[in-house]
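Q: model the following, please.
(4 chains)
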Protein chains: 2
Amino acid sequence: MSVRHPGVSTDDCPVREILDRVGDKWSVPIVVLLGERGHRFNELHRRIDGISQRMLTLTLRTLARDGLVSRTVHASVPPRVDYELTELGRTLLVPVRALDEWAREHRDDIRAARQRHDAG
Amino acid sequence: MSVRHPGVSTDDCPVREILDRVGDKWSVPIVVLLGERGHRFNELHRRIDGISQRMLTLTLRTLARDGLVSRTVHASVPPRVDYELTELGRTLLVPVRALDEWAREHRDDIRAARQRHDAG
DNA sequence: CAGGATCCATTTTGATACTG
DNA sequence: CAGTATCAAAATGGATCCTG
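A: Next comes the predicted model:
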């Protein structure tokens, strides 16, 4: 478990590698919603407050590229595209929810720390 | 547990709030190293591959402001400053390590998905 | 409906040189 | 040793308009 002279580079720090992928502004909200159930494009657009069409497109594209989200085009008029988590994406929900739980438990601690800091 | 019409805004999504804080390029590596033991400034600088003095300073300052890291100045010549996780910071280590574990287990899956995607 | 294409503003990060 | 200060580059995100 221990290493001798552990530098932390991106290569040695897989968690940084995944934060480079889902640490952006919109990936986690998308993953969380898709964890609930599959969604269509505009459904996500409506439910994610503040996201632009552009960022929704880009983020979904990256998530699909990384194998976390699947994109299913139904040949119909009007077009219909469904997004859902892949199996890999669903495994990611576990640590994401752990982080979410931590966040809910400790957001006030962080806010309080900030206020103390900014006051003093 | 369930909500009726759950939009996802930053306010409703605490996990996004903490990713805004530790989702940057250097916070997690720093937290991980400090989770091992306390470190001095240049010790961190040496162990974190590629970080600039400036980013180390800025990131440590933010982590301290958020109450995740403590900064202890020893009045000595040459100066000595020790950084360590606060108790709050240590609790963060739990979900961060969960994410780290996920990353170690699945980084190859993501890489493979990328290659498939970029090939096809 | 589900995007694509442009252009622009902001944020984040890095390089470099200097200091108590 | 542990930072500051300044400047520039790069990544990220948003607004707006257009289309199969």
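
Q: list the buried residues for stretch A:22-30?
A: By neighbour count, and taking 16 or more other C-beta atoms under 10 Å in any protein chain shown as the criterion, the buried residues in stretch A:22-30 are A:Val22, A:Gly23, A:Trp26, A:Ser27, A:Val28, A:Pro29, A:Ile30. Placement of C-beta: from N, CA and C, glycine included.

Q: thinking the third one is in contact with A:Leu56, fair?
A: Translated: A:Trp26. Yes. A:Trp26 sits in contact with A:Leu56 when judged by C-beta atoms under 8 Å, with a separation of 7.1 Å.

Q: shared neighbours, those two?
A: With contacts taken as C-beta atoms under 8 Å, 6 or more residues apart in numbering or on different chains, A:Trp26 and A:Leu56 have A:Ile48 as neighbours in common.

Q: same list (the buried residues of stretch A:22-30) but as a markdown table, adding pLDDT, secondary structure and distance to A:Leu88.
A: Putting those into a markdown table (pLDDT from 0 to 100; DSSP: H, G, I helix; E, B strand; the rest coil; distance: C-beta to C-beta, whole Å) gives the following:
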| residue | pLDDT | secondary structure | distance to A:Leu88 |
| --- | --- | --- | --- |
| A:Val22 | 97 | helix | 12 |
| A:Gly23 | 96 | coil | 17 |
| A:Trp26 | 98 | coil | 19 |
| A:Ser27 | 98 | helix | 14 |
| A:Val28 | 97 | helix | 15 |
| A:Pro29 | 97 | helix | 18 |
| A:Ile30 | 98 | helix | 15 |
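
Q: show me what the strand or helix carrying A:Gly89 is packed against.
A: A:Gly89 is part of helix A:87-119 when elements are defined by DSSP states H and E. For helix A:87-119, the elements it packs on are helix A:27-36, helix B:14-22, helix B:53-65, helix B:87-119, judged by 3 or more C-beta pairs under 8 Å, 6 or more residues apart in numbering or on different chains; DSSP states H and E.

Q: give the contact list for the residue nearest the centre of chain A.
A: The structure's chain A has its C-alpha centroid closest to A:Val28; by C-alpha atoms, centre = their mean the separation is 1.9 Å. Contacts were defined as C-beta under 8 Å, 6+ apart; by that measure A:Val28 touches A:Val22, A:Val96, B:Cys13, B:Val15, B:Arg16, B:Leu19.
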